[in-house]
Structures are given as structure tokens and as C-alpha cells.
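*Asks:* Here is a sequence with its predicted model. Questions after.
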Protein chains: 2
Amino acid sequence: MTASLTLHVDYVSQPSRSLVFLCRAIKAPHQENQVSLVKGEHLSKPFADLNPFKKVPAVQDEDLLILESCSALRYIASKYDAAGTWYPADLKTRCKVDEYLDWQHLNTRAHGVGYYMNKVLVPIMKGSAADMEVVEKHEKELGRVEELFASYFLGDKPFITGNTPTIADLQAATEFEQPQAGGYTLAKATKEYLERVREAVGAEMYDELHEAPKELAKKVLQ
Amino acid sequence: MTASLTLHVDYVSQPSRSLVFLCRAIKAPHQENQVSLVKGEHLSKPFADLNPFKKVPAVQDEDLLILESCSALRYIASKYDAAGTWYPADLKTRCKVDEYLDWQHLNTRAHGVGYYMNKVLVPIMKGSAADMEVVEKHEKELGRVEELFASYFLGDKPFITGNTPTIADLQAATEFEQPQAGGYTLAKATKEYLERVREAVGAEMYDELHEAPKELAKKVLQ
């Protein structure tokens, strides 16, 4: 039987991985449609007709189309997570999940993407050397991001809201993994945090999906 | 009596205005603490001790500190909007509110801030002419943002989710007003949309709070 929920994803994309982790963790009936970024499938029909932003992930559930990953994570957790732990209903806890999701756009994501794109994707697409001045700018910002993440968002808690991982931790982990796949050295505290998310999600699945950005990076990194 | 809810704001800041509009619209008991960006009060004690990101707005409610405006809007609407119209509980409608709030960070906000900051704030702070190459880059992106906003988010609806304004419309309106205050010419459709939000919020209050970015821009625009 076809599930009503479809994830249009590429495992090279950080939020694509977050969505797959969530759906598998909560056993939400769904199907995946792989849209290859490297092949440019996001830029052409049929996907470009579905998504005017021409980006993955995109999510469909019945007649609902969702083009932002944080919104899709909130929606899927609200609808399909029977235990309610991935996007808690308690207002204050939920607010802390939202706060990280709102913050990461211009921080973890902006600089993780900036680092990986300029160091790995642009050289592969253009066949030229990476602009290391730009890469180093993002590297420096990632240091600042890691510090604020550790001091403000984590503190002495294992996960962002406490002892249980939420959709905010999925977004944090997949985004921090991206520059690491591109050769960025994460701080010890960030690595230990990623290990906790990996165990919570299931190490085998976590590693399987993270092969994609690592394999791609091998083409340009020695 | 002191309300438990405190908004740390500067009306020059777009999301500060959104928070004030929401609290006044739903009559949430609150107090405002003005933090002057031009005077650099966000960078020094006591505010910098409260907010490690050194930005306004920041929100406190009882023991909860919220440093991201979209999260604060969600939280305040969820807790204080008895009618439930500003952040609807219906999953699909809520998802469309979230989708705009997630999208705007790297679109309406990034380029509206980029335009206003480079055209107005940097010249005031540094006493030098604006870097028009940077301003024009943001101007071009704002055109793209306006088009996607009109075609994807609004369509033929008066507001983002339909006939009733939500917190997504507050963030959209305050962000589009900012480059306009700095001299950017909005498309007719965007102007008509802003007029609808202005009427919904209350024209007098809407105009009163938007004086701040306009007054500041007068110092550098002829």
C-alpha cells in the first residue's frame, strides 16, 4: 500500500537525512523519492514543477506540500509520533526546540553549508580548486557556532532539551556532520554530542546515511 | 502589577515590532524594555549578560528566556492568544505558518536586513557612503523574494494561510517594511499586502512603530 507521506530527498542533503531519521525512528509510514543533487534532478522536471524553490528535501502528505525541512519535521512529529517525544507538546520544552531550529538557519546551517559547498561541491561541479579564503571564513564562523551551541543550547545536558533527543537534535547532528565530512575538525564536545545522537537514532542507520556526504567529499579530498 | 512577560525590543528591529504587534493584538499582559541598537545597548551590560547573542528582540516569561523571535511569537501566541487565530492549532494551517517562518530567515529577512543595514545603518555608524554594489545585490534578491512570496506563499489569499493574519504575516510585514523605509520600491502586490496587515493590526499602532526605521533612514537618505 502506498503511504500518504512522501519524502523527496538526497542523503547528501543534511535536512533530508533528518527527515529520514525521524520517519524511521517513529515508524511513520512513508516512501522516499530520491532526487539526485549531483545529477541536477532538483533543477529539472518533474521535481522542479513540484518545488519552485528547486531544493531538497520536499515533503508531501495527502494534499499538503511542505518545502521547509524544519516545518516538515514539526508536522511529521506532531502527526505521526505517538509518544510525542520528538516535538514535545509542553510549551517551554517546545519553545527550546523551536529556538534551536530558528537559530540554526543563519548559524550551523549557513556555515556548515558554506564550508561543504565551497570545499567539496563547487570544486566537483566546476572542476576547479576550492576558494580557500571563503572556506576559511566559514571555518572560523563554525568555531563560533560550536561554542554557542555548547554553551547556550547544550549546557550540561546530553541533548538540546534534556535527556531525550528531539527534532532539533536531528537538525543539529546532520548539519555538524556535513563540514566534518568535508574535512572540518569538530571540537571534542561536538563530537561527543554527535555520538549521543548517533546512538539514539541507531548507529547503523546513522552511518549508512552519512556515507553520502563522505563519499562525495572523497572525490576532492586527499 | 508586573506581568511575567517581558519583551526586550527596539522598534528599529523588525521582529521586535512583530512581537509588540502580537502582544498588543491579543492583549497579552507584558512590559517592554527598550534596548537601543543605535546607542549599542545590546552590546553592553546588563543586556549582553542576558543575551549571549547580543541581539534584540529577547523575551522572558517567568524562568523562560527566548532568544529567537519566531520561537517567541509561537510561544506567546500558544500561551496568550485565547482565540487561537495567530498560531492556529490545525496541523496543516500551522505547518504553512511555520513554512513561511522557516523560509524567511534566508530570504525576506536576510536581504531586507542586508539592504537596510548597508544602505542606512553602516553609513550612520561609519559616517561613510553606502557600498552600492552590496546594496544592489540585496535589491535584486529582494525582487526574487517578492515574487516567490506573491506566487507561492500568498497566491490569491489575502494572508499567508487564508483570510486571517497569523504570526507569519507579522514577520513578513515588518521585514518588507524595512527595505521600504530604506528607499527600496516594493511591488504593487507587496504594498497591497502590507496595507492589509496594517489594517488588521491597527493602522495607528502599525504606523507608530514603523516610524523608527523611517526616522533613522532620514539621516542618510535625501
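*Replies:* Looks like it arrived, so ask away.

*Asks:* so where is chain A shaky, pLDDT-wise?
*Replies:* Where chain A drops to pLDDT under 70, the residues are A:1, A:222.

*Asks:* which parts of it sit against chain B?
*Replies:* A:52-53, A:64, A:66-72, A:74-75, A:78-79, A:91-92, A:94-95, A:98-99, A:101-103, A:105-106, A:110, A:148, A:151-152 (C-beta under 8 Å from any C-beta of the partner chain). Where C-beta positions appear, they are placed from N, C-alpha and C, glycine not excepted.

*Asks:* In strands only, show me those.
*Replies:* Using DSSP state E, the members of these that fall in strands are A:64, A:66.

*Asks:* so where do the helices sit in chain A?
*Replies:* A:14-25, A:47-50, A:69-80, A:91-104, A:110-116, A:122-126, A:132-148, A:167-181, A:188-201, A:203-218 (DSSP state H).

*Asks:* where does the last one sit relative to the chain's centre, distance-wise?
*Replies:* For helix A:203-218, the separation from the chain centroid amounts to 12 Å (computed by C-alpha atoms, centre = their mean, to the nearest Å).

*Asks:* elements contacting it?
*Replies:* With contacts defined as 3 or more C-beta pairs under 8 Å, 6 or more residues apart in numbering or on different chains; DSSP states H and E, helix A:203-218 has these neighbours: helix A:14-25, helix A:167-181, helix A:188-201.

*Asks:* what angle sits between it and helix A:188-201?
*Replies:* 130 degrees (axes from the mean of the first three to the mean of the last three C-alpha atoms, to 10 degrees).

*Asks:* got the buried residues for helix A:203-218?
*Replies:* Buried residues in helix A:203-218, counted by 16 or more other C-beta atoms under 10 Å in any protein chain shown: A:206, A:209-210, A:212-214, A:216-217.

*Asks:* Just give me the closest of those residues to chain B.
*Replies:* residue A:213 (20.3 Å; C-beta to the nearest C-beta).

*Asks:* Next one: the closest one from residue A:69, what distance?
*Replies:* As for residue A:213, its distance to residue A:69 is 16 Å (criterion: C-beta to C-beta, to the nearest Å).

*Asks:* ok, now which ones touch residue A:187?
*Replies:* Counting by C-beta atoms under 8 Å, 6 or more residues apart in numbering or on different chains, residue A:187 touches A:143, A:146-147, A:150.

*Asks:* Any quick ChimeraX command for the buried ones out of the residues you listed?
*Replies:* Here is the ChimeraX command that picks out the buried ones among the contacts of residue A:187, judged by 16+ other C-beta under 10 Å:
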select /A:146,150
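
*Asks:* now, which of the contacts of residue A:187 sits nearest residue A:181?
*Replies:* The nearest member of the contacts of residue A:187 to residue A:181, counting by C-beta to C-beta, is residue A:146 at 15.7 Å.

*Asks:* Give me the domain ranges for chain A.
*Replies:* Domain assignment of chain A by automatic domain parsing yields the ranges A:5-80, A:91-218.

*Asks:* what would the ones you listed look like in a markdown table with distance to residue B:196?
*Replies:* Shown next, in a markdown table, are the domains of chain A (distance: least, C-beta to C-beta, whole Å):
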| stretch | distance to residue B:196 |
| --- | --- |
| domain A:5-80 | 23 |
| domain A:91-218 | 25 |
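
*Asks:* so which of those domains comes closest to residue B:114?
*Replies:* Ranking these by proximity to residue B:114 (C-beta to C-beta) places domain A:91-218 first, at 11.8 Å.

*Asks:* Can you give me the end-to-end span of that closest one?
*Replies:* End-to-end distance for domain A:91-218, by C-alpha to C-alpha, to the nearest Å: 43 Å.

*Asks:* Tell me how far it lies from the chain's centre.
*Replies:* The chain centre lies 8 Å from the centre of domain A:91-218; the measure is C-alpha atoms, centre = their mean.

*Asks:* ok, back up a step: could you dump the helices and strands packed on helix A:203-218 into a markdown table with mean neighbour count and distance to residue B:128 added?
*Replies:* What follows is the helices and strands packed on helix A:203-218, written out as a markdown table (neighbours: other C-beta atoms under 10 Å in any protein chain shown; distance: least, C-beta to C-beta, whole Å):
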| stretch | mean neighbour count | distance to residue B:128 |
| --- | --- | --- |
| helix A:14-25 | 24 | 38 |
| helix A:167-181 | 26 | 34 |
| helix A:188-201 | 16 | 39 |
